[in-house]
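Q: structure for the following, please:
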Amino acid sequence: MEKLDKLYFASSSDHKKREMQRLIKTGIEIVLPKQLGLEFSPDENGSSFIENALIKAKALYDIVKAPVLADDSGLVVDALDGGPGIYTARYGCSDTVKLTSRQQYTLLLEEMEGKENRSARFVSACVLMLDRERIYIVQETVEGSIASEAEGENGFGYDPVFLVEDTGRSAAQLSDSEKDRYSHRGRAMRKINLLLS
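A: Predicted coordinates:
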């Protein structure tokens with residue numbers, strides 16, 4: 001594979017950009033569309049994480065005509081029939097109501113009250129799109145469970161209420177290096193990095 005020094009990342013999230021920059025192979029810069037002055041909010045109307053990651057990758061590739069990385073990820077809770085799933089970022093929101101991350105995970109804890117089965121997993125679908133015909137897809141998970149209350153100050157999103165299997169701690173209690181080792185996105189990106197080597 002040709003040597004890359006830059007990947008355009010199909011996201012508007014500074015949190016995700018920082019995480020991806022830590023996870024990507026050394027020597028590759030992660031660039032958000034907004035750094036180029038681009039508005040980027042494709043309609044994520046797929047029925048799976050992979051479909052939504054592909055929508056984002058193709059939409060950004062059509063703009064920049066250069067290698068693109070996209071990620072679609074979310075929280076899958078067994079007691080909620082797999083929800084919030086692909087709607088994780090929009091959980092509890094509507095056209096007129098936008099919830100903060102804290103409000104979203106508080107809503108999740110309320111929905112989980114009284115439920116014995118608290119098993120859950122984070123899913124990450126990563127798409128590396130080198131051109132319209134060369135597309136690599138990796139999907140990974142990290143198993144865990146929903147805590148009874150929020151714990152920890154690190155991370156973002158639902159990290160404070162997700163207990164990472166094998167650690168006994170929430171994702172928000174892990175250091176960046178620990179989170180990168182265990183996380184769904186960390187696992188997916190290690191495989192993407194193999195493609196880039």
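
Q: in this protein, which helix has the most residues?
A: helix 49-64 (DSSP state H).

Q: restricting to C-alpha, output the helix or strand following it in CSV.
A: Next along the chain after helix 49-64, taking DSSP states H and E as the criterion, comes strand 68-77. The C-alpha trace of strand 68-77 is given here as CSV (Å, rounded to 0.1, in the frame of the first residue of the first chain):
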residue,chain,number,x,y,z
VAL,A,68,-10.7,8.9,4.1
LEU,A,69,-11.3,7.2,7.4
ALA,A,70,-14.8,6.9,8.9
ASP,A,71,-16.1,5.4,12.1
ASP,A,72,-19.6,4.7,13.2
SER,A,73,-20.0,3.4,16.7
GLY,A,74,-22.5,3.0,19.5
LEU,A,75,-23.7,1.2,22.6
VAL,A,76,-25.7,-2.0,22.2
VAL,A,77,-27.6,-3.0,25.4
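
Q: packing partners of strand 68-77?
A: strand 6-9, helix 14-23, helix 49-64, strand 119-131, helix 184-196 (3 or more Cβ pairs under 8 Å, 6 or more residues apart in numbering; DSSP states H and E). For glycine as for every other residue, the C-beta is placed from the backbone atoms N, C-alpha and C.

Q: okay, now residue 137: neighbour count?
A: A count of nearby residues for residue 137, using other Cβ atoms under 10 Å, gives 17.

Q: would you turn the helices and strands packed on strand 68-77 into TSV with distance to residue 112 and mean pLDDT?
A: Shown next, in TSV, are the helices and strands packed on strand 68-77 (distance: least, Cβ to Cβ, whole Å; pLDDT from 0 to 100):
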stretch	distance to residue 112	mean pLDDT
strand 6-9	32	97
helix 14-23	24	94
helix 49-64	22	97
strand 119-131	9	97
helix 184-196	20	95
